[in-house]
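> Kindly return the folded structure for what I paste below:
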Amino acid sequence: MKKRTTSDKLLLLVKGFAMGAVNKVPGVSGGIVALVSGFYIELIYSLQKINLTSIRLLFSGRWKSFYNYINAEFLVFLFGGSIISFFSMSLILEFLILNYSSYLWSSFFGMVLASIFFIFPLVKKWKLNTYTFYFVGMLTGLCISLSEPISGNDNLYFVFFCGLISVSGMTLPGISGSFLLLLLGNYELLLVDSVNAFFYTIKETVGGDLSFLNDKSRIRLIKTMVVFILGSITGLVFFVNILSFVLKKFYSITLSLIIGFVSGSIISLWPWRSLSENNKITYYFPSEINKETSLMLICIILGVGFIYILEKYGKQFKT
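You can find the predicted model right below:
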């Protein structure tokens, strides 16, 4: 394991912050940031080292061997930055959702649209079986998107499952874990509401204010956040190895299925929408080009441009 200087550690912390922040944006994969920043291979390698061997080293008291085996210094600084952005980005997203939701969804829509275009070439050779799985994934995504949304489902088993899949964006560039949470209806609950409740709870506890203990809603959100974190950690431990096996055996089929799913699901990010009194979403096309429509189109273009820049600079690290 190479010796890291103070500047290396600080830079790794910044890269972790960027990965964590991007991971919370539906349609953008934190794995793309890892690829662009040049630490993707080391990330996958380090996560694969969290296995039975490392567990034996940990419980046998061989701390230094365990620390070196899993490349702990790298993981601590990387995920330290991610945790910082995890909380700070939630406050920003909450503000944008409440005040500029149409522009936020426009940006997300542009990001996903561009992501679909750029992840298509990941399937090296399109043939009958890959096209078949692509259309299966697309129909599945379309059906989910057009179904009645699952809004704020805080069933703890379901929350744990959400945690499992939310880490996919870190391990597979081009696939957004937060986008999958959006499709499952738990994006705001898990990446905004629960995170903010967790943040304010820590802040109040440090200040000696324990009044939140009488707030049942806050306690429920904290439980939800803890279960989500446990699911995410479990996903990090197992998902890398499962993904490596599936991609090794069925690379093109797996990717074509995922790409189809994302393609069929993009309708759920369509920014021109209205919400009825019973919380049913209706999508529509703009009837005129006014100021709001123009700004939304600009946001879509900015979203596309953001993904284009990530992809452009990521290519130099793919070889």
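> Is it correct that Glu204 is in contact with Arg218?
No. Contact between Glu204 and Arg218 fails when scored by CB atoms under 8 Å: they sit 9.5 Å apart. For every residue, glycine as well, the C-beta is placed using N, CA and C.
> Could you pull out the residues contacting both of these two?
Shared contacts of Glu204 and Arg218, defined by CB atoms under 8 Å, 6 or more residues apart in numbering, comprise Phe212.
> Give me the more crowded residue out of those two.
In this view Glu204 and Arg218 are compared by other CB atoms under 10 Å, and Arg218 has more residues nearby, 17 against 14.
> Distance-wise, check the more buried one relative to Val227.
From Arg218 across to Val227, the span is 15 Å (CB to CB, to the nearest Å).
> Check the gap between Asn153 and Asp193 for me.
12 Å.
> Of those two, which one has the most company?
Asp193 (20 against 15).
> Got the confidence number for that one?
The model reports Asp193 with a pLDDT of 85.
> what are the phi and psi angles of the residue lying closest to it once chain neighbours are set aside?
The shortest distance from Asp193 to any non-neighbouring residue, by CB to CB, 6 or more residues apart in numbering, is to Leu221 (6.1 Å). The phi and psi values for Leu221, taken as degrees, to the nearest 10, are phi -70, psi -40.
> Now do the same contact list for Leu221.
By CB under 8 Å, 6+ apart, the residues touching Leu221 are Asp193, Ser194, Ala197, Phe198.
> State the distance from it to Tyr157.
Relative to Tyr157, Leu221 is positioned 17 Å away (CB to CB).
> do the same with Phe261
From Phe261 across to Tyr157, the span is 22 Å (CB to CB).
> Now do the strands in this structure.
Secondary structure of the chain (DSSP state E): strands located at 273-275, 281-283.
> got the ones you listed as CSV, with distance to Gly20, mean pLDDT and mean neighbour count columns?
Formatted as CSV, the strands of the chain follow (distance: least, CB to CB, whole Å; pLDDT from 0 to 100; neighbours: other CB atoms under 10 Å):
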stretch, distance to Gly20, mean pLDDT, mean neighbour count
strand 273-275, 28, 75, 11
strand 281-283, 29, 75, 12
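> measure Ile267 to Leu183 for me?
Distance, Ile267 to Leu183, using CB to CB: 10 Å.
> now do Leu10
Distance of Leu10 to Leu183, computed by CB to CB: 36 Å.
> neighbour count winner among the two?
Counting neighbours by other CB under 10 Å for Leu10 and for Leu183 shows that Leu183 has the greater number, 21 against 13.
> out of Phe261 and Tyr157, which sits in the busier spot?
Remark: of Phe261 and Tyr157, Phe261 carries more neighbours, 23 against 9, as counted by other CB under 10 Å.
> isn't that one right up against Gly141?
Yes. Under the criterion of CB under 8 Å, Phe261 makes contact with Gly141 at 4.3 Å.
> okay, and for the stretch 51-200 of the chain, where does confidence drop off?
90, 94, 144-145, 147-152, 168-176 (pLDDT under 70).
> can you give me the helices for it?
Taking DSSP state H, counting those that start in this stretch to define them, one finds helices in the stretch 51-200 of the chain at 52-59, 63-69, 72-99, 101-119, 128-146, 156-166, 168-171, 177-183, 187-188, 194-206.
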